[in-house]
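[1] Quick check, what structure comes out for this input:
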Amino acid sequence: MGVIGLGYVGIPLSLGFAGKGIRVIGFDIDEGKIASLSEGKSYLEHIPSDHIAKHVRGGSLQPTSNFKKISEVDAVILCVPTPLNAHLEPDLSYVEATLTQIVPYLKNGQIISLESTTYPGTTTEIVQPIIESNGLVVGESLSLVYSPEREDPGNESFSSTSIPKILGGVTKKCVEEGYALYSSVFPDVIKVSSTAVAEFTKLLENIYRSVNIGLVNEMKIIASKMGVDIWEVIDAAKTKPFGFKAFYPGPGLGGHCIPIDPFYLTWKAKEYGVNTKFIELAGEINRSMPEYVVSLAMQALNRKMKSINGSKILIIGLAYKANVDDMRESPAFYLMDSLKSEGAELSYYDPHIPKIPTTREHKEWTGLKSISWEKETISQFDCVIITTAHDKVSFSDLAGWSD
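    You can find the predicted model right below:
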């Protein structure tokens, strides 16, 4: 089988299939990734290199950038980015470009699965026409399904294949063939009535989180004005054994899913004359949190008779959540951009990210290195902002070094 896109979704998925003795050809356009994988080296912190090396040496995982090899596989799973454009509209260019590239090599009998998060209708309105442009017929020549990825990097409570798998197909035959594919690795595959239901399911999961985080972020702002500790409030509220689930405030949303996915639905909803005010309000609140943090930093510096302009500010944690090296859509970057525009001198510390790699959104920070965790280094800063509470960070040290 083939997996296209060897990132936070594609790598665990490839290893899951390879671990069941299924030969996997992993495709990516990034030659650096292909070279690393071919040498048995992992570029994802939460996936050990020996897991990669074992399958590469054994021949069950073959990394390549040669898309002609699509003709050698029985199934193709797409795990490519689905970001937003500058106008917060869906950008399916990676999906469309990938499909256009592989169409000449598709053949009868293959199963095509899209796992990238997207709006309801994408599989039938975008993916299916491209696949059928070479004469193949979905449901007859080959099968087309949608099965949204469910990854939580760094969460040791769940392995990639232990998480229930949602599956929707264009036709009944597509669903059955997709089920046969995924059930060979996933013990719990849930079939739904259509690809649109599967697409909508993924959006609901992530919008649920976005809206609740937006709510608690607003509650945090109100509580601060009132002199109330929101963390104590949440701890007290979660003692209720029913009707409440704890969400926590932060400097903004991060990760590839939660900050982006709500806008896929709000965009599609407009086609049906629906304004998703509730969802958009949550997004507005969450996107405003980096600026709120900047205002808190300004107030703290003012109390020390200092201006943010020229102050040395340390950001602790670039990853979007604790204990991972995943920086996708991390609010730390938006916070750094804002602080820099105010004239602050910025540094960062993150034990999981020793050096900032090139990213699509924040190229200006490429190459910046994490400072060392030493009293002499940390004590030179005028302000320290904790954006991600990694377990590897000694906050007791930090408290002792502050004045």
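
[2] CA only for contacts and neighbour counts going forward, please
    Will do.

[3] Do a quick rundown of the helices in the stretch 251-400 of the chain.
    Assigned helices in the stretch 251-400 of the chain, in chain order: 261-270, 277-303, 331-341, 375-378, 395-401 (criterion: DSSP state H, counting those that start in this stretch).

[4] my bad, the stretch 1-150 of the chain
    Counting by DSSP H, counting those that start in this stretch, the helices of the stretch 1-150 of the chain are 10-18, 31-38, 49-58, 93-102, 122, 128-131.

[5] would you turn those helices into CSV with distance to Val24?
    Listed next are the helices of the stretch 1-150 of the chain as CSV, based on distance: least, C-alpha to C-alpha, whole Å:
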stretch, distance to Val24
helix 10-18, 6
helix 31-38, 13
helix 49-58, 9
helix 93-102, 16
helix 122, 26
helix 128-131, 21
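
[6] do you know which of the ones you listed lies nearest Asn212?
    For these, the distance to Asn212 is smallest for helix 122, at 26.4 Å, taking C-alpha to C-alpha.

[7] Just want to check the distance between Thr82 and Lys20.
    Distance, Thr82 to Lys20, by C-alpha to C-alpha, to the nearest Å: 28 Å.

[8] quick one, which of the helices of the stretch 1-150 of the chain is packed in tightest?
    Of the helices of the stretch 1-150 of the chain, the one with the most neighbours on average (mean count of other C-alpha atoms under 10 Å) is helix 10-18, at a mean of 23.

[9] could you give the angle of that helix to helix 31-38?
    Relative orientation of helix 10-18 and helix 31-38, computed by axes from the mean of the first three to the mean of the last three C-alpha atoms, to 10 degrees: 30 degrees.

[10] residue ranges of the strands in this structure, please?
    Assigned by DSSP state E, the chain shows strands spanning 2-4, 24-27, 61-64, 75-78, 111-114, 143-146, 165-169, 189-191, 312-316, 345-349, 383-386.

[11] ok, residues contacting the first one?
    What it means is strand 2-4. Contacts with strand 2-4, where a contact means C-alpha atoms under 8 Å, 6 or more residues apart in numbering, come from 10, 13-14, 24-28, 70, 73-80.

[12] please redo it, this time with the cut-off set to 6 Å
    Contact with strand 2-4 is made by Val24, Ile25, Gly26, Phe27, Val73, Val76, Ile77, Leu78, Cys79, as judged by C-alpha atoms under 6 Å, 6 or more residues apart in numbering.

[13] Provide a list of residues in contact with Glu199.
    Residues counted as contacts of Glu199 (C-alpha under 6 Å, 6+ apart) are Pro120.

[14] that older thread, highest mean neighbour count out of the strands of the chain?
    Greatest average neighbour count among the strands of the chain goes to strand 143-146 (a mean of 29), per mean count of other C-alpha under 10 Å.

[15] on contacts alone, who are the packing partners of that strand?
    The contact analysis (3 or more C-alpha pairs under 6 Å, 6 or more residues apart in numbering; DSSP states H and E) places strand 143-146 against strand 111-114, strand 165-169.

[16] confidence score at the residue nearest to the spatial centre of the chain?
    Nearest to the geometric centre of the chain sits His256, at 2.7 Å (C-alpha atoms, centre = their mean). pLDDT, His256: 77.

[17] Just give the nearest non-adjacent residue to it, would you?
    Arg328 (5.6 Å; C-alpha to C-alpha, 6 or more residues apart in numbering).

[18] from what I can see the one you found touches Leu253, true?
    No. Counting by C-alpha atoms under 6 Å, Arg328 does not reach Leu253; the two are 10.2 Å apart.

[19] Those two: which is more packed in?
    Using other C-alpha atoms under 10 Å as the criterion, Arg328 and Leu253 rank with Leu253 on top: 27 against 19.

[20] what's around the residue lying closest to that one once chain neighbours are set aside, how many residues?
    Counting by C-alpha to C-alpha, 6+ apart, Pro259 is the residue found nearest to Leu253 once chain neighbours are left out, at 5.5 Å. The number of residues packed near Pro259 is 24, by other C-alpha under 10 Å.

[21] Check the one 5 residues further on too.
    Using other C-alpha under 10 Å, Tyr264 has 21 other residues around it.

[22] hmm, back to that, identify whichever of the helices of the stretch 1-150 of the chain lies nearest to Val228.
    Of all the helices of the stretch 1-150 of the chain, helix 10-18 sits nearest to Val228, with 42.3 Å by C-alpha to C-alpha.

[23] Low-confidence regions, the stretch 301-403 of the chain specifically.
    Applying pLDDT under 70 to the stretch 301-403 of the chain picks out residues 403.

[24] One more pass at 80, please.
    360-361, 403 (pLDDT under 80).

[25] before we move on, what about the chain?
    Where the chain drops to pLDDT under 80, the residues are 152-160, 256-257, 360-361, 403.

[26] In it, spot the helix with the most residues.
    helix 195-226 (DSSP state H).

[27] hmm, back to that, got JSON lines for the helices and strands packed on strand 143-146, with distance to Pro153 too?
    Shown next, in JSON lines, are those (distance: least, C-alpha to C-alpha, whole Å):
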{"stretch": "strand 111-114", "distance to Pro153": "20"}
{"stretch": "strand 165-169", "distance to Pro153": "16"}
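
[28] Of those, give the one that comes closest to Pro290.
    Judged by C-alpha to C-alpha, the one of the helices and strands packed on strand 143-146 that comes nearest to Pro290 is strand 111-114, at 33.0 Å.
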